[in-house]
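Colleague: need coordinates for the below:
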Amino acid sequence: MNGSRETWEDPSEDALFFLLEDIEQGRKKFLVIERVADATRQTYIQSIRNDAGEFVVEFRDGSPDQHFGTVVADMRAAHDLITAWSFGRDGWREAADWSHISFDE
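Modeller: Sure thing, here's the model as predicted:
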């Protein structure tokens, strides 16, 4: 899903690249990739571009207490993380410095 609520089923690496390019060029605001096998909708990775032009990438691993984020320099780095997560590649977690995101009130 992207900022326009469009959805794609099983997007390719190229499709993910073009969706992130839409964010980089200001045509869309964000991108969310969900694991459809998780009926709770609590397993996903998402990205948005911050005001400094960096990409914020966050993932949730099944519950709010398993929510992590990182900031990467550019769209290509975001693409690398998102495609590695999407395709279940080994080492994707180690490819970035993830920080735990707490939603405590």
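
Colleague: next, Glu94: phi, psi?
Modeller: With angles defined as degrees, to the nearest 10, Glu94 sits at phi -80, psi -10.

Colleague: what's the spacing between it and Thr70?
Modeller: 12 Å (Cβ to Cβ, to the nearest Å). All C-beta atoms are positioned from the backbone trio N, CA, C, and that covers glycine.

Colleague: who's more crowded, those two?
Modeller: Shown here are Glu94 and Thr70; by other Cβ atoms under 10 Å, Thr70 has more neighbours (18 against 8).

Colleague: what is the burial count for the nearest residue to the more buried one once chain neighbours are set aside?
Modeller: Spatial nearest neighbour of Thr70, chain neighbours left out: Ala96 (4.3 Å); criterion: Cβ to Cβ, 6 or more residues apart in numbering. By other Cβ under 10 Å, 19 other residues sit near Ala96.

Colleague: for stretch 28-39, which positions count as buried?
Modeller: Buried residues in stretch 28-39, counted by 16 or more other Cβ atoms under 10 Å: 28, 31, 33, 35.

Colleague: that older thread, contact partners for the residue nearest to Thr70?
Modeller: 57, 70, 72, 81 (Cβ atoms under 8 Å, 6 or more residues apart in numbering).

Colleague: of the buried residues of stretch 28-39, which is the nearest to Ser47?
Modeller: Nearest to Ser47 among the buried residues of stretch 28-39 is Leu31, at 5.1 Å by Cβ to Cβ.

Colleague: so where does the closest one fall, helix or strand?
Modeller: Assigned by DSSP states H and E, Leu31 belongs to strand 30-34.

Colleague: just Lys28 next, same as before
Modeller: Residue-wise, Lys28 maps onto no helix or strand under DSSP H and E.

Colleague: wait, doesn't it sit right on Leu19?
Modeller: Yes - using Cβ atoms under 8 Å as the test, Lys28 is close enough to Leu19 to be in contact (7.2 Å).
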